[in-house]
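A.B. asks: Attaching a predicted model along with its sequence, questions to come.
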Amino acid sequence: MKTASAPVLALALALALPFGASHPARAEEAPPPATLTVSAEGVSRRAPDMASLSLGVITEAPTAGEALRLNAERMTRVMAALKRAGLADRDLQTSGLSVSPQYDYPNGQPPALRGYQAANQVTATVRDLARLGPVLDASVGAGANSAGQVSFGLADPLAAENAAREAAVKALKAKADLYSRATGHTGVRLTALSEGGFVPQPRPVMKAYAMAAPMAEAAPTPVAPGELNLSITVSGVFELVK
């Protein structure tokens, strides 16, 4: 027995429909919701509770070996003074050590070797800011004759960072709500959130300077730690609700 071919079967089904009837229309797809992408910043302010101090010894001598020997003797005294000032071994780290030739440049003549310079830098972490000035004075009194900047920080920054995150998300939602109202929508729905990372803010620092002779009987060096600003940026994607 032969079966009807596909074209014949399709024609039979079409003839079976009532006169004037049509195939069901496809449902129209709803347009995708409008979206909004915005960014916002959150800032948390805290008083620092620790500091890093860069200081060192620079010596010169006719030979590289002599410059290094003199430097080692003086830096040994500086390190001992820092430990007497209350710093532990973990708070002291050598951050630079170099020996370089030094030249004079007389007018119209070739450079003349004057000798050699040895430089030894150490980074000291001070965990009690009340001791920062005395630590600096103790290092100078022991023979340190160069210093870099003082940078301030937090021993445990997590709480301050989370406060900045919360402030950033709050600002982000407020900005999204503003755009929603301005464009005639009734609200927003968050669909994606990303963190841009913490942005360094200007921090109080002590500029680099050359140290003179030990400051005997002088008042302790005053240090103002100021305030730290921890800043973070977040971005969000929102659906605008009609």
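C.D. replies: That came in fine, so what should we check first? Being a predicted model, the structure only gives us computed values, none of them experimental.

A.B. asks: okay, CA-based contacts and neighbour counts for the rest of this
C.D. replies: OK.

A.B. asks: list the contacts for residue 160?
C.D. replies: 44, 45, 46, 230 (C-alpha atoms under 8 Å, 6 or more residues apart in numbering).

A.B. asks: which SSE is it in?
C.D. replies: helix 158-182 (DSSP states H and E).

A.B. asks: Ok, residue 134 next?
C.D. replies: According to DSSP H and E, residue 134 maps onto helix 132-142.

A.B. asks: Give the other helices and strands that that helix contacts.
C.D. replies: helix 64-84 (3 or more C-alpha pairs under 8 Å, 6 or more residues apart in numbering; DSSP states H and E).

A.B. asks: Contacts for the helix it packs on, please.
C.D. replies: Residues contacting helix 64-84 (C-alpha under 8 Å, 6+ apart): 56-61, 89, 99-101, 115-120, 135, 138-140, 142-144.

A.B. asks: Of these, just the buried ones, ChimeraX syntax please.
C.D. replies: Remark: buried members of these, expressed as a ChimeraX selection using 16 or more other C-alpha atoms under 10 Å:
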select :56,57,58,59,60,61,99,115,116,117,118,119,120,135,138,139,140,142,143,144
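
A.B. asks: what pLDDT, on average, does stretch 30-39 get?
C.D. replies: For stretch 30-39, the mean per-residue pLDDT is 90.

A.B. asks: for the chain, where's the lowest mean pLDDT among helices and strands?
C.D. replies: The helix or strand of the chain with the poorest confidence is strand 209-210; it has a mean of 42 (mean pLDDT, DSSP states H and E).

A.B. asks: tell me the strands in this protein, going along the chain?
C.D. replies: 35-46, 50-61, 92-104, 112-126, 146-153, 187-199, 209-210, 228-241 (DSSP state E).

A.B. asks: worst average pLDDT in those strands?
C.D. replies: It's strand 209-210: among these, that one has the lowest mean pLDDT, namely a mean of 42.

A.B. asks: quick one: contacts for the residue nearest to residue 105 when sequence neighbours are not counted?
C.D. replies: Once flanking residues are discounted, residue 105 sits nearest to residue 111: 4.8 Å by C-alpha to C-alpha, 6 or more residues apart in numbering. Taking C-alpha under 8 Å, 6+ apart, we find residue 111 in contact with 103, 104, 105.
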